[in-house]
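>>> I'll drop the sequence and a predicted model, then ask my questions.
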Amino acid sequence: MLDRKIKIEMLKRMMLIRAFEEKAEELFMRNLVHGTMHLSVGEEAVAVGSIFALDREDYITSTHRGHGHMIAKGGDIKKMFAEFLGKDTGYCHGRGGSMHIADFSLNNIGATGIVGAGIPIATGAAFAIKYMRRKEIVLCFFGDGAANEGTFYESLNMASIWNLPIIFMCENNMYAMSSPVSKFIPTPNISDRAKSFSIPGVTVDGMDVIAVYEVTKEAADRARNGGGPTLIEAKTYRYKGHSKSDKNVYRTKEEIEEWKKKDPIVNFIKKLKELGDLDDKTLESIKNDIEKTIEEGVNFALNSKEPSPDTLMWYVYANGDEK
Amino acid sequence: MRVITYKEAIREAIREKMIEDERVFIIGEDIGVYGGAFGVTMGLIDEFGPKRVVDAPMSEASFTGLAIGASILGLRPTVEIMFADFLTFTADQIINQAAKLRFMTGGQVKIPLVVRSPQGSGTGAASQHSQNTEAWFFNIPGLKIVVPSNPYDAKGLLKSSIEDNNPVIFLEHKLLYSLKGEVPEEDYRVPLSKTKIVKEGSDITVVSTSIMVQRAIQASEILEREGISVEVIDPRTIKPMDMEPIIESVKKTHRLLVVYEGCLTGGIGGEIVSRIVESPAFLYLDAPIMRIGGKDIPIPYNRNLEKLSVPQVEDIVKKVREIVSEDWYA
């Protein structure tokens, strides 16, 4: 059983992700955000449950819906808000925006906006770990949409034949933009596809942070001990639209409300209280801390400078003219 | 000096880099015991084993992506794509991932990746195994593109490409694999983005790449007997391209012909011409600038039609005569 401290930490992190994204949406409404964003509200348990099952040095690859992954990995809220607002103090010096927030120093080695394109890159990181005889593993996030990309099949195949230390984490949030999973995937579970590659495949309740933690931990131990890759499918739900252009015309309000009953944060709070791991006072102080972190982050971003026009050509080539 | 083939020179570059640097590995289809479709990597698996000479499944997009991931963690992969025509499979990984990752993460990462691939026509392999693909990645910032025309450059440029911290597309030419040339036994490099004056001349500048450099040299020898002195220039790296020597040459010769194998429309020649037109060299011109490129068709199978599809020595000779002999101000 997990230590109480860790469980509280997991709750905090989920609440921080939600608070971050709700504030991000508010900034968007206030017209402070230049581009679009893809929110993971409702999916927090997948990011937190799986990343908490890793060691600090383990690698992740993220997606266009990657705020949760970054925060779960320990991302700096200030730098994240600053990137949102396109500021020079942001993670990517304002070059990437919401979709490409990554922190290589935390071994989050990139968030790609091309669906499925991160899967081979994650596989390559696992290849390099094995090549260098190191002990880390890789956790590769992608969605149900990506499970229909060719790179998914090619990468799982290579990871299996070369027995690479990687976990393929499919965040099945039920929709690839407007398309329900059932429309484009004939098997009951995406994890069924693991059979074709002779690797373990498991489906887990992606609204249950502890369940996600446990299956990931098992897969992580296997990968670290030379047991090769695992495909995990975490069934979850995104409450918000695909991006800011989404009018929610492809699903009903009732469906969304039904999923909200399984809310990963609300239910985890309930569970922790039942177990006697959490009281109202502690919860209140967590909320206050998060509020403060968010406020500081937003203020930092608002008060930061825009990137200078002189730096327009920077970062294109390594060893180039930059810096 | 020692004479070896273009193919052997490439193999030597890979081998020497693999001996020198544990982080270097190669990955591609049938590159192990088979030695690759053109035998470039023949024997390397015996020396370095399957860990560093990685036979990959037919998953070009994903083993290219795998190499990107490995390079992020500090390895220095060289990918072989069996025919340059198959680079289409790798397009997303090269264009949207390798070329952009550094930029869109604000300089947090380096991608020291080489993608080697043989391009070009002349082997009767028809439309899907013969295209010159120099221009395909030409308009992608973040990439370097290298097109060696001879054994010496091939070896020196490949070593520099493997040592470079950026994704490099290294396009070999199938017809050049058997070309022999002087290659010293001693270690050397040919720096990227350094244009080379292959042959000095005074009447016209001919800029060409890859196999067209060899054809331009042959054409210049014919023209020399007619009293026409041709300066042959090989940019060697077409992206980022070192324009200065080309500009200086045109200032000297007052005439320019650009010869390239890829389709004329949207090819690299258009860019070279534009840069000359925008440079002070424009004021020195005594004749219109001309281009000869591949015809705007897929490469046909038939031997004669295939030959007619891309510039040949006689085409270059004819075009140079036309540019030089006519009095354009009359």
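Thanks, I have the structure now.

>>> quick one, what contacts the residue sitting nearest the centre point of chain A?
By Cα atoms, centre = their mean, chain A has its centre lying nearest to residue A:69, at 2.9 Å. Neighbouring residues of residue A:69 by Cβ atoms under 8 Å, 6 or more residues apart in numbering or on different chains: A:47, A:51, A:60, A:62-63, A:108, A:111, A:141. The way it works is simple: take the backbone N, C-alpha and C, and place the C-beta from them, glycine included.

>>> Which of the residues you listed sits closest to residue A:190?
Of all the contacts of residue A:69, residue A:190 sits closest to residue A:141, with 13.5 Å by Cβ to Cβ.

>>> what's the helix or strand containing that closest one packed up against?
According to DSSP states H and E, residue A:141 maps onto strand A:138-143. In terms of contacts (3 or more Cβ pairs under 8 Å, 6 or more residues apart in numbering or on different chains; DSSP states H and E), strand A:138-143 is packed against helix A:44-51, strand A:59-62, helix A:118-131, strand A:166-172.

>>> switch the cut-off to 7 Å
Here strand A:138-143 touches strand A:59-62, helix A:118-131, strand A:166-172, going by 3 or more Cβ pairs under 7 Å, 6 or more residues apart in numbering or on different chains; DSSP states H and E.

>>> Out of these, which gets nearest to chain B?
The closest of the helices and strands packed on strand A:138-143 to chain B is helix A:118-131. By Cβ to the nearest Cβ, the value is 2.2 Å.

>>> just to revisit the earlier point, how about JSON lines for the helices and strands packed on strand A:138-143, with mean neighbour count, mean pLDDT and distance to chain B added?
Output for these, formatted as JSON lines (neighbours: other Cβ atoms under 10 Å in any protein chain shown; pLDDT from 0 to 100; distance: least, Cβ to the nearest Cβ, whole Å):
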{"stretch": "strand A:59-62", "mean neighbour count": "29", "mean pLDDT": "98", "distance to chain B": "8"}
{"stretch": "helix A:118-131", "mean neighbour count": "29", "mean pLDDT": "98", "distance to chain B": "2"}
{"stretch": "strand A:166-172", "mean neighbour count": "29", "mean pLDDT": "98", "distance to chain B": "10"}
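
>>> Which positions in the stretch 51-200 of chain B make contact with chain A?
Counting by Cβ under 7 Å from any Cβ of the partner chain, the stretch 51-200 of chain B comes close to chain A at B:51, B:57, B:59, B:61-63, B:65-70, B:72-73, B:75, B:92-93, B:96-97, B:101-110, B:141-142, B:165-166.

>>> Give the buried subset of the residues you listed as a ChimeraX selection command.
Selection of buried members from these for ChimeraX, criterion 16 or more other Cβ atoms under 10 Å in any protein chain shown:
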select /B:59,61,62,63,65,66,67,68,69,70,72,73,75,92,93,96,97,101,102,103,104,105,106,107,108,109,110,142,165,166
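
>>> From the residues of the stretch 51-200 of chain B next to chain A, which land in strands?
Among those, DSSP state E puts none in strands.

>>> ok, residue 230 - how many residues close by?
Since no chain was named, I'll use chain A. For residue A:230, the neighbour count with other Cβ atoms under 10 Å in any protein chain shown is 23.

>>> Please refer instead to chain B.
For residue B:230, the neighbour count with other Cβ under 10 Å is 28.

>>> And residue A:313, by the same measure?
Neighbour tally, residue A:313, other Cβ under 10 Å: 12.

>>> quick one: pLDDT of the closest residue in space to residue B:167 that isn't next to it in sequence?
Excluding its sequence neighbours, the residue lying closest to residue B:167 (Cβ to Cβ, 6 or more residues apart in numbering or on different chains) is residue B:98, at 4.0 Å. We have a pLDDT of 98 for residue B:98.

>>> who does the strand ranked longest in chain B touch, helix- and strand-wise?
Criterion DSSP E: the longest strand present in chain B is strand B:256-263. When contacts are defined as 3+ Cβ pairs under 7 Å, 6+ apart, strand B:256-263 packs onto strand B:204-208, helix B:211-225, helix B:268-277, strand B:290-294, helix B:313-325.

>>> could I get those as TSV with mean neighbour count and distance to residue B:21?
Formatted as TSV, these follow (neighbours: other Cβ atoms under 10 Å in any protein chain shown; distance: least, Cβ to Cβ, whole Å):
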stretch	mean neighbour count	distance to residue B:21
strand B:204-208	29	33
helix B:211-225	21	30
helix B:268-277	19	31
strand B:290-294	21	37
helix B:313-325	18	40
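
>>> Which among these is found nearest to chain A?
Ranking those by proximity to chain A (Cβ to the nearest Cβ) places helix B:268-277 first, at 17.3 Å.

>>> Could you list every helix and strand in contact with that closest one?
If you count contacts as 3+ Cβ pairs under 7 Å, 6+ apart, helix B:268-277 packs onto helix B:244-253, strand B:256-263, strand B:290-294.

>>> Of these, which stretch is the most buried?
Of the helices and strands packed on helix B:268-277, the one with the most neighbours on average (mean count of other Cβ atoms under 10 Å in any protein chain shown) is strand B:256-263, at a mean of 26.

>>> quick one: the spatially closest residue to residue A:162 that is not a sequence neighbour from residue B:288, how far?
Nearest residue to residue A:162, sequence neighbours excluded (Cβ to Cβ, 6+ apart): residue A:127, at 6.7 Å. For residue A:127, the distance to residue B:288 (Cβ to Cβ, to the nearest Å) stands at 53 Å.

>>> Show me what from the stretch 101-250 of chain A comes close to chain B.
A:102, A:104, A:109-110, A:112, A:114, A:117, A:120-125, A:127-129, A:131, A:150-151, A:154-155, A:157-158.

>>> list the contacts for the residue nearest to residue A:162?
Residue A:127 is in contact with A:162, A:164, B:66, B:69-70, counting by Cβ atoms under 7 Å, 6 or more residues apart in numbering or on different chains.

>>> Relative to residue A:37, how far out is it?
As for residue A:127, its distance to residue A:37 is 32 Å (criterion: Cβ to Cβ).

>>> Residue A:300 now?
For residue A:300, the distance to residue A:37 equals 18 Å [Cβ to Cβ].

>>> circling back: can you tell me which of the contacts of residue A:69 is closest to residue B:240?
residue A:111 (27.6 Å).

>>> Quickly list what the closest one is bridged to.
Bridge pairing for residue A:111 (DSSP bridges) gives the partners residue A:62.

>>> Need the pLDDT of it.
Residue A:111 carries a pLDDT value of 94.

>>> just the helices in the chain please.
Going with chain A. Ranges of helices in chain A, per DSSP state H, are A:4-29, A:44-51, A:67-72, A:77-84, A:118-131, A:150-161, A:181-184, A:209-224, A:253-260, A:264-274, A:280-303.

>>> ah, I was thinking of chain B
Along chain B, the stretches classed as helices by DSSP H are B:6-20, B:44-52, B:60-72, B:87-92, B:101-104, B:151-163, B:211-225, B:244-253, B:268-277, B:303-309, B:313-325.

>>> Including mean pLDDT, could these go into JSON lines?
Compiled in JSON lines, the helices of chain B are given as follows (pLDDT from 0 to 100):
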{"stretch": "helix B:6-20", "mean pLDDT": "98"}
{"stretch": "helix B:44-52", "mean pLDDT": "98"}
{"stretch": "helix B:60-72", "mean pLDDT": "98"}
{"stretch": "helix B:87-92", "mean pLDDT": "98"}
{"stretch": "helix B:101-104", "mean pLDDT": "97"}
{"stretch": "helix B:151-163", "mean pLDDT": "98"}
{"stretch": "helix B:211-225", "mean pLDDT": "98"}
{"stretch": "helix B:244-253", "mean pLDDT": "98"}
{"stretch": "helix B:268-277", "mean pLDDT": "98"}
{"stretch": "helix B:303-309", "mean pLDDT": "98"}
{"stretch": "helix B:313-325", "mean pLDDT": "97"}
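
>>> Nice, that's everything, thank you.
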